[in-house]
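**Student:** Would you be able to build a 3D model of this:
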Amino acid sequence: MGLRSAHWYAGNDRNAYIHRAWMRRGIPGDAFGRPQIAIANTASDLTPCNSHLNEVAESVKAGIWAAGGVPLNLPVVSLGETNVRPTAMLWRNLAAMATEEMLRANPIDGVVLLGGCDKTIPSLLMAAASVDLPAVVVPGGPMLTGHFRGVPLGCGTDVWRLSEEVRAGTLSNDAFQASESSMIRSKGHCNTMGTASTMAFMAEALGMTIPGTAGIPAPDSRLLQRAHESGALAVELVREGRTPSQVMTRGSFRNAIVTLAATGGSTNAVIHLLAIAGRLGVELELDDFDRIGAGVPLLVDLQPAGRHLMDDLFRAGGLLAVLNEVRESLDGEAVTVTGRPLTDYPGEIWDAEVIRPVLPDAGIAVLRGNLAPRGAVIKPAAASPELLRHRGRAVVFDSVEDLHARLDTVDVDETSVLVLRGCGPKGYPGMPEVGNLPLPAKLLAKGVRDMVRISDARMSGTAYGTVVLHVAPEAAVGGPLALVRDGDPIVLDVPGRRLELDVPDLSSRTAVTTGFANPVRGWQRLYVDHVMQADQGADLDFLTGSSGPEVARESH
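**Tutor:** Next up, the predicted model:
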């Protein structure tokens, strides 16, 4: 076995001496001939969902040592969804790029990827795809369910629900504030089928975890056991030469799309999977999500589309039990990091209230029309069935600030269509999770809890409603969304996959200028100059494709 790290450590010259001498610090004398395994660790106190990953890393280290490798903790850029402003998505590509460069620059033979919060697993997978060193993912796991007044709380989902009840006058602000200490019961990421849970499942469906790992609750000791096994597997991956490009194939992305539909996963997965595929050179298009996911039933009764939460799903049999129900839709040739296909792993349902047919067709719907020539997405499982076919007059907001300033004063009724623009990849910048617009207070007071909403933004995976997202091209680059005026009739036809502005002649209209002025410096300037549209995964145009693990030139 020829180790990549030997380019640093092998030999008797000055450079090899320097590399070994500075790394010795008490490690065994034969360590430099063993596989060097980085632990790309997104633990951070400012990423609360990942703050426990240092503990997980210790189990990974033990597994690496036990298998004959050398573990090397590598802290990488960590993005906390709840704290980072203006949106963690602005830095997903930066985190991916920084991790990619550090893996390529260092004497690393393989890597274990530790992530949890929404953007951390996607950025780690993008980096691993670009470098193509042997890699395995250990998701940090969901938190345990908290309760308030005897009722289980879905973090994120119940934040939206309870805050709207306060605005509607049906819940006191004191009660709302009292629920805060009950919302987050333990370490771990959101316990709904939000983006964090979804991307852990996507990592497993892509073959990048040991099957059965995604969804183990963060406080569960079995997560540490699986972390140990993943560390040992990373050493085996190096010895066998199995890399992400051999695992994440076209068939693996098919499995991910089937999994996304069967679990009612977040629409954010669409953008992340497109970006990961772009790094690998795998052909994946927006329409694939509709074509492959169409007809796949929703099999998980989980918030935000259902009743239960992630620790219920784990108890009920977990992802493998769900996938066993859609086995005929999976690609049986796509291998996982273990070298065996996902379909080799059985699963059994232990609670048929949690894992059961909920909807016959739950895939992400891709809409097209004169409002979205390059596509838009909606999650039917989270929408109101009666609104999936709808015609209403537009009420337009040109920015998030405009929305907050005028929402409760605009001329609107329950049949109106709320339109938010200027919030796409370039426009905000970063494509924030503001697509699930709050409803006007006067409609909440009337008992209205859902309306058709359309934007070029994203939506939290924990959110719900009849929300059309990722409209491409976005308004800030002159997309048709910039042509909409108050009062324009908009037609939404999800079964027909249409999104239309029912105006006879748009050619005479001038696009409204939306979005922020271009930043003058730093990452935001680089991002705005190079970010692609949502239907291309919102990656940077110069980061598509894999550049491999080539060794940097020696500088000593």
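
**Student:** Excluding sequence neighbours, find me the nearest residue to Leu223.
**Tutor:** Spatially, and ignoring its direct neighbours in sequence, Leu223 is nearest to Ile216 (4.5 Å; Cβ to Cβ, 6 or more residues apart in numbering). For the C-beta atoms, the positions are set from N, CA and C on the backbone; glycine is no exception.

**Student:** can you tell me the helix or strand for the one you found?
**Tutor:** Under DSSP states H and E, no helix or strand contains Ile216.

**Student:** Double-check it against Phe314; I have them as touching.
**Tutor:** Yes. Contact criterion Cβ atoms under 8 Å: Ile216 and Phe314 qualify, at 6.3 Å.

**Student:** out of the two, which sits in the more crowded spot?
**Tutor:** Shown here are Ile216 and Phe314; by other Cβ atoms under 10 Å, Ile216 has more neighbours (26 against 21).

**Student:** roughly how far apart are that one and Gly141?
**Tutor:** 5 Å (Cβ to Cβ, to the nearest Å).

**Student:** His52 now?
**Tutor:** Taking Cβ to Cβ, one finds His52 at 9 Å from Gly141.

**Student:** And for Ser547?
**Tutor:** Distance of Ser547 to Gly141, given as Cβ to Cβ: 32 Å.

**Student:** For stretch 163-172, the averaged confidence score.
**Tutor:** Across stretch 163-172, pLDDT averages out at 88.

**Student:** Quick check: Arg393 is in a strand.
**Tutor:** Yes. Assessed by DSSP: H, G, I helix; E, B strand; the rest coil, Arg393 belongs to a strand.

**Student:** OK, contacts around it?
**Tutor:** 415-417, 486-490 (Cβ atoms under 8 Å, 6 or more residues apart in numbering).

**Student:** what bridges to it?
**Tutor:** With DSSP bridges as the criterion, Arg393 is bridged to Pro489.

**Student:** So for it, what's the pLDDT?
**Tutor:** In this model, Arg393 is scored at 98, pLDDT.

**Student:** One more: Ala57?
**Tutor:** We have a pLDDT of 98 for Ala57.

**Student:** And His52 and Gly141? Which one has more around it.
**Tutor:** Gly141 (34 against 20).

**Student:** For that one, which residues are in contact?
**Tutor:** Here Gly141 is in contact with 116, 188-189, 200, 215-220, 223 (Cβ under 8 Å, 6+ apart).

**Student:** Of the residues you listed, which pair is most distant in space?
**Tutor:** Across those, the longest distance by Cβ to Cβ is 15.4 Å; it joins Ala200 and Pro219.

**Student:** Could you check which of those two is surrounded by more residues?
**Tutor:** Using other Cβ under 10 Å, the more surrounded residue of Ala200 and Pro219 is Ala200, with 28 against 17.

**Student:** Check for me that the more buried one belongs to a helix.
**Tutor:** Yes. Read with three-state DSSP, Ala200 is one of the residues of a helix.

**Student:** and the nearest residue to Trp65 once chain neighbours are set aside, what element?
**Tutor:** Nearest non-adjacent residue to Trp65, counting by Cβ to Cβ, 6+ apart: Pro71, 6.4 Å away. Per DSSP H and E, Pro71 falls inside strand 70-75.

**Student:** Give me the packing partners of that strand, helices and strands only.
**Tutor:** When contacts are defined as 3 or more Cβ pairs under 8 Å, 6 or more residues apart in numbering; DSSP states H and E, strand 70-75 packs onto strand 36-41, helix 53-66.

**Student:** at 10 Å what do you get?
**Tutor:** strand 36-41, helix 53-66, helix 92-105, strand 110-115, helix 221-240 (3 or more Cβ pairs under 10 Å, 6 or more residues apart in numbering; DSSP states H and E).

**Student:** Tell me the buried residues in the last one?
**Tutor:** When you say that, I think you mean helix 221-240. Neighbour counts over helix 221-240 (16 or more other Cβ atoms under 10 Å) mark 223-224, 226-239 as buried.

**Student:** I'd like the next helix or strand past it.
**Tutor:** Downstream of helix 221-240, the next assigned helix or strand under DSSP H and E is helix 244-247.

**Student:** helices and strands around that following helix, which ones?
**Tutor:** helix 120-131, strand 135-139, helix 221-240, helix 268-280.

**Student:** I'd like the average pLDDT over whatever helix or strand comes next after the last one.
**Tutor:** Sequence-wise, the next helix or strand beyond helix 268-280 is helix 286-293, with elements assigned using DSSP H and E. For helix 286-293, mean pLDDT rounds to 96.

**Student:** What is helix 286-293 packed up against?
**Tutor:** Applying 3+ Cβ pairs under 10 Å, 6+ apart, we find helix 286-293 packed against helix 250-263, helix 268-280, strand 365-369, strand 372-378.

**Student:** can you put these in TSV and add mean neighbour count?
**Tutor:** Formatted as TSV, these follow (neighbours: other Cβ atoms under 10 Å):
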stretch	mean neighbour count
helix 250-263	25
helix 268-280	26
strand 365-369	22
strand 372-378	23
